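Visitor: the following comprises the amino acid sequence and a computationally predicted model.
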Amino acid sequence: MRSLRRGSRVYAVAASTAMREKLAYPGNFAGSMFTYALFVFIFSRVWAGAYSGTTEIAGYTMRMSVWYFIVAEVPSFGFGRFFWTLSRDMKSGQVAYLLVRPYDFIRYNFAEKFGGSLVEACVILAEGLAVGLMLVGPPPATASAMAAMTRPLFLAASLLMAGTLNYLLQMTIAMTAFWFEENEAFFWIFQKFSLVVGTLMPIEFLPRAAARIAVWTPFPYLSYAPARIAVAFSFSDALSLLARQALWIAVALWLARIVFASGSRRLSVNGG
Amino acid sequence: MAAIVANRLTKTFTARVRPSGRLSAIRSLVRPELREVEAVKGVSFEVEEGELVAFLGPNGAGKSTTIKMLMGILQPSGGGASVLGLDPSRERVELSRYVGAVFGQKSQLWFHLPPSDSFRLLGAVYEIDEDDRKWREAELIERFGLAPYWDVPVRKLSLGERIRCEIAASLLPAPLVLFLDEPTIGLDVVAKREIRQLLAEAARVDDTTIFLTSHDMGDIEKVCKRAIIIHHGEVVVDESMKDLRHRALSLKHVGVRYASPVNLDLPTLSPVKRTPTAASYEVDTRKHSLAEVVRALASRGELEDITIEDEPLESVIAAIYSAGSGAEAHAFGSGDGSLERLDEASSDA
């Protein structure tokens, strides 16, 4: 047990160091915060237009749709840029420093990248709460007081899982750099799918056949799961979403480990 | 016991050939033409524990590739390596506990945070007890003079200060072997001298085996006791710095200036540069006695000045680098006719 604690300490220190590095320049958040507020404002206007003459679309009221977008965008802004730093490390050869250390490469990288991103996600979430309250009032009510009390916990767990899944998938895509000189096209496709499937709008808004297929992909668990928990909370629905997120994390972790094990043997960093 | 063993280490990269012409470019999308590049061709050497070895070679010779294979970052295409008795390609993580690295153009420090934070994290990475880490940190701060910028963000440090921190950081876990890939690149002369002194001291105090690549002769002469020169992916020289220096020392540059014009041609030696009253000669002390040359020059007329300078070590290495093939460099590295070739290389330079 002691050795497990010792072994895990490095990941905790890496995460806290990344958080401190992120907080060293609070000005870094300004760009994301401005863009996020702008996106939320624009989409609230889009939804206002879409809901003129109707109170509900696919079971969502306008207030639900706006709050849905506010929460769904948090993982995108907070955890959506792992690929670029991972890919840069691989292409610049910085990965050489990262590989010659006595730790689990994937866990260490997760701690380091996730630690920094978590700070940004929290800042964006806090901003989202403030902007949402100003634009459409408080989030939709829950069925009971108990649900109201537990919803933030489920939401936090789902956001953390969304961030973890985002990291693992982006890392797997970044590690294709072991095989391909240019791998940004893969990330571009991933980004577009994750935007359409659950970030810009709930998957219930998609054509029925597309929605049916979407639930079998990892994309709804990057944004849809936490956003759904935030706007249409029920214990059974939330537990089911968390379980599916956990399942996808396990699959993505397995995939990342396979890609790393195979790719790191192919690493070719020439020159100094 | 040998700390590092490279046994016919080979690395071949596959590179895509860029086709010329639109049609060929389209065809290459479906059937790319690949070319094999042999970066390292069967390199063999041994480095004993506590040795300070310079691993030299021109750009593209295969130095960094060899270091990366020795650290387990790259998989060899052939041959094998052993570092501290471990196989780097199969036991990279275990090996990383005992081996440190400084890549001059890369950083292991957190850019926006002070060095103290990076050291704290490295302590956790190498599972060093807090008390041990603090003790070791205090020692490195003292030895490397890091106190003035210990709590200053790395982005505000000069390159020299950053490299000091980089090397100190790599020594935190007291590695048994330290690989340094061009650690003084971009530094000014004062910073270079300081870094060399610190490296030599690190090797002495911690008994660390140092394996250094650099293009800077000062690094090599001041820090290392042995030189391995690699060229065209092959080891062409493997000898002590003393022997390598001796090879350079057998060529002397003699300069003379007379009060009035004299005949500057000696019976067996002609000047390489001349004016009516001054000349400079290159004297191969294996063929000519330096004393006789000086005596002959003194007898020509009234001497105003005479200087005798050693051939810089850099010229010997430049001559080896200028060899067109591995075999040529081999012959040259073994000393056969090196001075004649050295003359040519020096005059080319």
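Guide: Perfect, I can see it now.
Visitor: surely residue B:212 forms part of a helix?
Guide: No. Residue B:212: not assigned to a helix; according to DSSP: H, G, I helix; E, B strand; the rest coil it is strand.
Visitor: doesn't residue B:224 make contact with it?
Guide: Yes. With contact defined as C-beta atoms under 8 Å, residue B:212 reaches residue B:224; the gap is 6.2 Å. Backbone N, C-alpha and C define where each C-beta goes, glycine included.
Visitor: count the residues that sit near residue B:140.
Guide: Number of residues near residue B:140 (other C-beta atoms under 10 Å in any protein chain shown) recorded here: 22.
Visitor: show me what contacts it?
Guide: Residues in contact with residue B:140, defined by C-beta atoms under 8 Å, 6 or more residues apart in numbering or on different chains, are B:146, B:168, B:171-172.
Visitor: by average pLDDT, which secondary structure element in chain A comes out worst?
Guide: helix A:95-99 (a mean of 75; mean pLDDT, DSSP states H and E).
Visitor: helix or strand right after that helix?
Guide: Downstream of helix A:95-99, the next assigned helix or strand under DSSP states H and E is helix A:105-136.
Visitor: and residue A:10, what does it touch?
Guide: Counting by C-beta under 8 Å, 6+ apart, residue A:10 makes contact with A:103, A:108, A:111, B:121, B:124-125, B:127.
Visitor: gap between the residue lying closest to residue B:267 once chain neighbours are set aside and chain A?
Guide: Take residue B:267 and drop its neighbours on the chain: the residue closest to it by C-beta to C-beta, 6 or more residues apart in numbering or on different chains is residue B:296, 7.9 Å away. Relative to chain A, residue B:296 is positioned 48 Å away (C-beta to the nearest C-beta, to the nearest Å).
Visitor: wait, doesn't residue B:296 sit right on residue B:268?
Guide: No. Using C-beta under 8 Å, residue B:296 makes no contact with residue B:268, being 9.1 Å away.
Visitor: how about the nearest residue to the residue nearest in space to the middle of chain B, chain neighbours excluded?
Guide: Taking C-alpha atoms, centre = their mean, the centroid of chain B lies closest to residue B:214, which sits 3.1 Å from it. Nearest non-adjacent residue to residue B:214, counting by C-beta to C-beta, 6+ apart: residue B:182, 5.4 Å away.
Visitor: pop out the phi and psi values for residue A:83.
Guide: Dihedral pair for residue A:83: phi -50, psi -40, per degrees, to the nearest 10.
Visitor: that one and chain B: what is the separation?
Guide: On the measure of C-beta to the nearest C-beta, residue A:83 and chain B end up 20 Å apart.
Visitor: element containing the nearest residue to that residue once chain neighbours are set aside?
Guide: Nearest in space to residue A:83, with sequence neighbours left out and distances taken as C-beta to C-beta, 6+ apart, is residue A:170 at 4.2 Å. Assigned by DSSP H and E, residue A:170 belongs to helix A:145-174.
Visitor: got the angle between that helix and helix A:105-136?
Guide: 130 degrees (axes from the mean of the first three to the mean of the last three C-alpha atoms, to 10 degrees).
Visitor: tell me the helix or strand right after helix A:145-174.
Guide: helix A:184-196.
Visitor: tell me what that next one is packed against?
Guide: helix A:82-92, helix A:145-174 (3 or more C-beta pairs under 8 Å, 6 or more residues apart in numbering or on different chains; DSSP states H and E).
Visitor: same list, those, but as JSON lines with mean neighbour count and mean pLDDT please.
Guide: Formatted as JSON lines, the helices and strands packed on helix A:184-196 follow (neighbours: other C-beta atoms under 10 Å in any protein chain shown; pLDDT from 0 to 100):
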{"stretch": "helix A:82-92", "mean neighbour count": "18", "mean pLDDT": "83"}
{"stretch": "helix A:145-174", "mean neighbour count": "20", "mean pLDDT": "95"}
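Visitor: okay if I get those helices as a markdown table plus distance to residue B:142?
Guide: Listed next are those as a markdown table, based on distance: least, C-beta to C-beta, whole Å:
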| stretch | distance to residue B:142 |
| --- | --- |
| helix A:82-92 | 33 |
| helix A:145-174 | 40 |
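Visitor: of all these, which lies closest to residue B:70?
Guide: Nearest of the helices and strands packed on helix A:184-196 to residue B:70, taken as C-beta to C-beta: helix A:82-92 at 20.8 Å.
Visitor: so where do the helices sit in the stretch 151-300 of chain B?
Guide: B:159-171, B:189-206, B:217-223, B:241-249, B:290-298 (DSSP state H, counting those that start in this stretch).
Visitor: which one of those lies closest to residue B:56?
Guide: helix B:217-223 (6.7 Å).
Visitor: contacting residues around the closest one?
Guide: So helix B:217-223 is contacted by B:52, B:54, B:56, B:183-184, B:192-193, B:196-197, B:199-200, B:203, B:210, B:212, B:214, B:227, B:241, B:245, B:312-314, B:317 (C-beta under 8 Å, 6+ apart).
Visitor: which of the residues you listed count as buried?
Guide: B:52, B:54, B:56, B:183-184, B:192, B:196, B:199-200, B:203, B:210, B:212, B:214, B:227, B:241, B:313-314, B:317 (16 or more other C-beta atoms under 10 Å in any protein chain shown).
Visitor: where does the chain dip in pLDDT?
Guide: In the absence of a named chain, this looks at chain A. A:1-7, A:96-97, A:267-272 (pLDDT under 70).
Visitor: oops, chain B please
Guide: B:25, B:28-29, B:247-249, B:323-349.
Visitor: circling back: overlap in contacts of residue B:212 and residue B:224?
Guide: B:52-54.
Visitor: so what sits opposite the closest residue to chain A within the stretch 201-349 of chain B in the bridge?
Guide: As assessed by C-beta to the nearest C-beta, chain A sits closest to residue B:213 within the stretch 201-349 of chain B, at 7.8 Å. For residue B:213, the beta-bridge partners are residue B:181 (DSSP bridges).
Visitor: just to revisit the earlier point, who's in contact with the residue nearest to residue A:83?
Guide: A:82-83, A:86, A:187, A:190.
Visitor: isn't residue B:307 up against residue B:255?
Guide: Yes. Judged on C-beta under 8 Å, residue B:307 makes contact with residue B:255 at a distance of 4.3 Å.
Visitor: who's more crowded, the two?
Guide: Taking neighbours as other C-beta under 10 Å, residue B:307 and residue B:255 compare with residue B:255 leading, 16 against 10.
Visitor: can you give me the buried ones in stretch A:124-139?
Guide: A:124-125, A:127-128, A:131-132, A:135-136, A:139.
Visitor: which of the contacts of residue B:140 sits closest to chain A?
Guide: Looking across these and measuring by C-beta to the nearest C-beta, the closest to chain A is residue B:172, at 12.1 Å.
Visitor: neighbours of the residue nearest to residue B:99 when sequence neighbours are not counted, how many?
Guide: Once flanking residues are discounted, residue B:99 sits nearest to residue B:177: 4.9 Å by C-beta to C-beta, 6+ apart. Residues contacting residue B:177 under the criterion other C-beta under 10 Å number 23.
Visitor: between the shared contacts of residue B:212 and residue B:224, which is closest to residue A:259?
Guide: Nearest to residue A:259 among those is residue B:53, at 36.4 Å by C-beta to C-beta.
Visitor: three-state assignment of that closest one?
Guide: Assignment for residue B:53 (three-state DSSP): strand.
Visitor: could you check how far residue B:35 is from chain A?
Guide: In terms of C-beta to the nearest C-beta, residue B:35 sits 14 Å off from chain A.
Visitor: surely that residue meets residue B:15?
Guide: Yes. The pair residue B:35 / residue B:15 is scored as a contact, 5.3 Å apart, by C-beta under 8 Å.
Visitor: quick one, domains of chain B?
Guide: Split into domains by automatic domain parsing, chain B comes to B:2-238, B:250-310.
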